[in-house]
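>>> the following block contains a protein sequence and its predicted model.
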There are 2 protein chains.
Amino acid sequence: MFVVKLGGSVITDKSKKYFFKKEVMDKLSIEIKKANKDIILVHGAGSFGHILAKEYMLNQGYRNDEQLQGFSLTHAMVQKLNSLVLSSLHDKGIAAVSIPPHVILKLDDHKPSKMDYNVFRDYLDKGFTPVTFGDVALDKKLGFSICSGDLLLQMLAKHFKPEKVIFALDEDGLYTSNPKIDKNAEFIEKSTMDELENFTTNSNRYADVTKGMEGKIETIKNIANLGIDIVLLNGNIDNRLYDTLIGKETKHTLIYGEKK
Amino acid sequence: MFVVKLGGSVITDKSKKYFFKKEVMDKLSIEIKKANKDIILVHGAGSFGHILAKEYMLNQGYRNDEQLQGFSLTHAMVQKLNSLVLSSLHDKGIAAVSIPPHVILKLDDHKPSKMDYNVFRDYLDKGFTPVTFGDVALDKKLGFSICSGDLLLQMLAKHFKPEKVIFALDEDGLYTSNPKIDKNAEFIEKSTMDELENFTTNSNRYADVTKGMEGKIETIKNIANLGIDIVLLNGNIDNRLYDTLIGKETKHTLIYGEKK
């Protein structure tokens, strides 16, 4: 079984308000269908979630009643993105079922406090493909906050111990330093977490190509420390996801899981 | 607190495929906002759910893998209707939150087996308006089946013991016999369940105006037997819902709850 994250920057254009990259998603849906594996899908909220969530400062928790409307609207927009993702999956013949986190999970000061994993198991066992996503969520301490797609990924990885966790990004994977400013930057095909931390220390910045990758490193580390392999790949390029799912050689970064 | 059901025939045109009655819904949203009460909303699936559910025979449970796609598609359509309902509520300033039953409830041979009521309580307590709806659902015995809006209504009534359960229908309420064929039919303003059963026995048919009302009688009985008052009103006509919510006189049928 695999847990696959479709990055918000792959399926939406973060520079444009509420822009769904239907062509990329359709391509990914075809690859997922073709691979025919047990998969839990997670997708980011991209521009559908971040704009409103920021506007209403939802991640800082409850401050005023205006935020209730903000919470509702943010969920509605993310649900809209989810419907677009689901529609693409259905079109390609995948029996995908939406699992909205705001009703099955509770946070406590941004950290997971309660989660109904059975609902994922139940749908998987019946042959469905569960699809969850970065969303607003209730928070014991803060009233409400944000549950990112990356947090869901870590929770699902910890609970289900998948064969691999796969990140579909809009970059090929990780480099030893930033290839946009360092011509000696080398692409990392395979790495342990220790080696990776070495690169990041050496270059005194995370071994990322985008600023957005910085936050990913923490997620990658947390998953690798569970003993689960993680693959980072370019979701825009044909068959990278498919080849990875069926175990065929392709360009991607593999981080070996090592139980700490 | 109130539990309010917006009938599928009020918010959709059952004779047209996927036709949402936006004007009626907007009117109801304004009335709900104006009444300013704690409400759990339930809406029917109407033409968004019934067509596909029937096509794939979902209510008969699992028979073949094609139904998986049918289950996914049916949920997607009902979710679409729910998004339209939510969007209307949001437009009128209600902090409505979607509570899709397919992830919080489980049936067992069509009967309720598990339900997370806390999620309704949590959202209510924070000042949100939870909105749930007739949907597909997992079923222990059958694999999957259908959870109607009426079943949800009974479950929510039993658990939350609301002040009143309100049905917004496309009829004024109940008559002593069918007013379309019996000119002596009288409108029932108030009735106990015993009196109502008397009417239905006398006329040798349920005291309904539409065929669709027949199934409602069982729901009404189950809720009245919990000791909870039930109101049936015409959701199409201005202020019937609003007046009922604030306790003002209006045309509707009130069935007194009586604990059995």
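Perfect, thanks for sending it. Remember, it's a predicted structure, so these values are computed and weren't measured experimentally.

>>> for the helix ranked longest in chain A, name the packing helices and strands.
Across chain A, the helix with the greatest residue count (assigned by DSSP state H) is helix A:66-91. When contacts are defined as 3 or more C-beta pairs under 8 Å, 6 or more residues apart in numbering or on different chains; DSSP states H and E, helix A:66-91 packs onto helix A:22-35, strand A:39-43, helix A:46-55, strand A:96-98, strand A:129-133, strand A:135-139, helix B:66-91, strand B:96-98. Yep, even glycine has a C-beta here, placed from its N, CA and C like the rest.

>>> quick one, it and helix A:22-35 angle?
Compare the direction of helix A:66-91 with that of helix A:22-35 by axes from the mean of the first three to the mean of the last three C-alpha atoms, to 10 degrees and you get 50 degrees.

>>> what's the worst-scoring helix or strand of chain A on mean pLDDT in contact with?
Least confident helix or strand, chain A: helix A:193-202 with a mean of 73, by mean pLDDT, DSSP states H and E. The contact list for helix A:193-202 (C-beta atoms under 8 Å, 6 or more residues apart in numbering or on different chains) reads A:174, A:176-177, A:188, A:191, A:206-207, A:217, A:220-221, A:224-225, A:255-256, A:258.

>>> what do you get for stretch A:236-250?
A:2, A:4, A:10, A:24, A:27-28, A:31-32, A:34-35, A:37, A:39, A:164, A:166, A:168, A:170, A:172, A:231, A:233-235, A:251-252.

>>> for chain B, what are the nearby residues on chain A?
A:62, A:65, A:68-69, A:71-73, A:75-76, A:79-80, A:83, A:86-87, A:90, A:93-100, A:102-104, A:106, A:116, A:119, A:122-123, A:126-128, A:138, A:143-144 (C-beta under 8 Å from any C-beta of the partner chain).

>>> neighbours around residue A:258, how many?
By other C-beta atoms under 10 Å in any protein chain shown, the residues close to residue A:258 number 14.

>>> one step back: can you tell me which of the contacts of stretch A:236-250 are buried?
For those, a burial check counting by 16 or more other C-beta atoms under 10 Å in any protein chain shown picks out A:2, A:4, A:10, A:24, A:27-28, A:31-32, A:35, A:39, A:164, A:166, A:168, A:170, A:172, A:231, A:233-235, A:252.

>>> and the least confident helix or strand of chain A, how far out from the chain's middle?
Put simply, helix A:193-202 sits 22 Å off its chain's centre (C-alpha atoms, centre = their mean, to the nearest Å).

>>> let me know the next secondary structure element after it.
Downstream of helix A:193-202, the next assigned helix or strand under DSSP states H and E is helix A:211-224.

>>> now that following helix: buried residues?
The neighbour-count criterion (16+ other C-beta under 10 Å) identifies A:213, A:216, A:217, A:219, A:220, A:221, A:222, A:223, A:224 as the buried residues of helix A:211-224.

>>> Throw those residues into a markdown table and include distance to residue B:149, thanks.
As requested, these are exported to a markdown table (distance: C-beta to C-beta, whole Å):
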| residue | distance to residue B:149 |
| --- | --- |
| A:213 | 46 |
| A:216 | 42 |
| A:217 | 46 |
| A:219 | 40 |
| A:220 | 44 |
| A:221 | 46 |
| A:222 | 41 |
| A:223 | 41 |
| A:224 | 46 |
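
>>> where does the stretch 101-250 of chain A dip in pLDDT?
Within the stretch 101-250 of chain A, the segments meeting pLDDT under 70 span A:200-214.

>>> just checking, residue A:79 touches residue B:84?
No: using C-beta atoms under 8 Å, residue A:79 is not in contact with residue B:84, being 11.8 Å away.

>>> looking at those two, which is more packed in?
residue A:79 (23 against 19).

>>> list the contacts of the more buried one.
A:100, B:79, B:83, B:98.

>>> burial count for residue A:1?
Counted with other C-beta under 10 Å, residues neighbouring residue A:1 total 12.

>>> using PDB, list the CA coordinates for stretch A:120-137.
The C-alpha coordinates for stretch A:120-137 follow below in PDB (Å, rounded to 0.1, in the frame of the first residue of the first chain):
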ATOM      1  CA  PHE A 120      -9.600   4.900   5.500                       C
ATOM      2  CA  ARG A 121      -9.200   1.200   6.300                       C
ATOM      3  CA  ASP A 122     -12.900   0.500   5.600                       C
ATOM      4  CA  TYR A 123     -12.900   2.200   2.200                       C
ATOM      5  CA  LEU A 124      -9.600   0.700   1.200                       C
ATOM      6  CA  ASP A 125     -10.800  -2.800   2.100                       C
ATOM      7  CA  LYS A 126     -13.800  -2.500  -0.100                       C
ATOM      8  CA  GLY A 127     -11.700  -1.500  -3.100                       C
ATOM      9  CA  PHE A 128     -12.100   2.300  -2.900                       C
ATOM     10  CA  THR A 129      -9.300   4.900  -3.100                       C
ATOM     11  CA  PRO A 130      -9.600   7.300  -0.100                       C
ATOM     12  CA  VAL A 131      -8.700  10.900  -0.900                       C
ATOM     13  CA  THR A 132      -8.000  13.300   1.900                       C
ATOM     14  CA  PHE A 133      -6.700  16.900   1.800                       C
ATOM     15  CA  GLY A 134      -5.200  19.800   3.700                       C
ATOM     16  CA  ASP A 135      -8.200  21.400   5.400                       C
ATOM     17  CA  VAL A 136      -9.400  23.500   8.300                       C
ATOM     18  CA  ALA A 137      -9.900  21.500  11.500                       C
END
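
>>> in it, what's buried?
Buried residues in stretch A:120-137, counted by 16+ other C-beta under 10 Å: A:120, A:122-124, A:126, A:128-137.

>>> check stretch A:151-160 too.
Residues of stretch A:151-160 classed as buried: A:151, A:152, A:153, A:154, A:155, A:156, A:157, A:158, A:160 (neighbour count, 16+ other C-beta under 10 Å).

>>> so for stretch A:66-84, what gets flagged as buried?
A:67-84.

>>> and the residue nearest to residue A:97 when sequence neighbours are not counted, what does it touch?
Distance criterion C-beta to C-beta, 6 or more residues apart in numbering or on different chains; nearest residue to residue A:97, sequence neighbours excluded, is residue A:128 at 4.7 Å. By C-beta under 8 Å, 6+ apart, the contact set of residue A:128 is A:95, A:96, A:97, B:68, B:71, B:72.

>>> what strand or helix carries the residue of the stretch 151-260 of chain A found nearest chain B?
Relative to chain B, the nearest point of the stretch 151-260 of chain A is residue A:152 (13.8 Å; C-beta to the nearest C-beta). In this assignment (DSSP H and E), residue A:152 forms part of helix A:149-160.

>>> quick one, that helix and strand A:39-43 angle?
Here helix A:149-160 points in a direction 160 degrees away from that of strand A:39-43 (the same axes, to 10 degrees).

>>> then helix A:149-160 to CSV, C-alphas only?
Extracted C-alpha coordinates of helix A:149-160, given in CSV (Å, rounded to 0.1, in the frame of the first residue of the first chain):
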residue,chain,number,x,y,z
GLY,A,149,-1.7,17.9,3.8
ASP,A,150,1.8,17.2,5.1
LEU,A,151,0.5,16.6,8.6
LEU,A,152,-2.1,14.1,7.3
LEU,A,153,0.7,12.4,5.4
GLN,A,154,2.7,11.9,8.5
MET,A,155,-0.3,10.6,10.5
LEU,A,156,-1.3,8.2,7.7
ALA,A,157,2.3,7.0,7.3
LYS,A,158,2.6,6.3,11.0
HIS,A,159,-0.7,4.5,11.2
PHE,A,160,-0.7,2.5,8.0
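
>>> immediately after that helix, which helix or strand?
Sequence order places strand A:164-169 as the next helix or strand after helix A:149-160, per DSSP H and E.

>>> which element follows that next one toward the C-terminus?
strand A:190-191.

>>> give me the domain ranges for chain A.
If you go by automatic domain parsing, the domain ranges for chain A are A:1-162, A:163-260.

>>> span of the first one from start to end?
With C-alpha to C-alpha, to the nearest Å applied, domain A:1-162 spans 5 Å between its terminal residues.

>>> all set, thanks.
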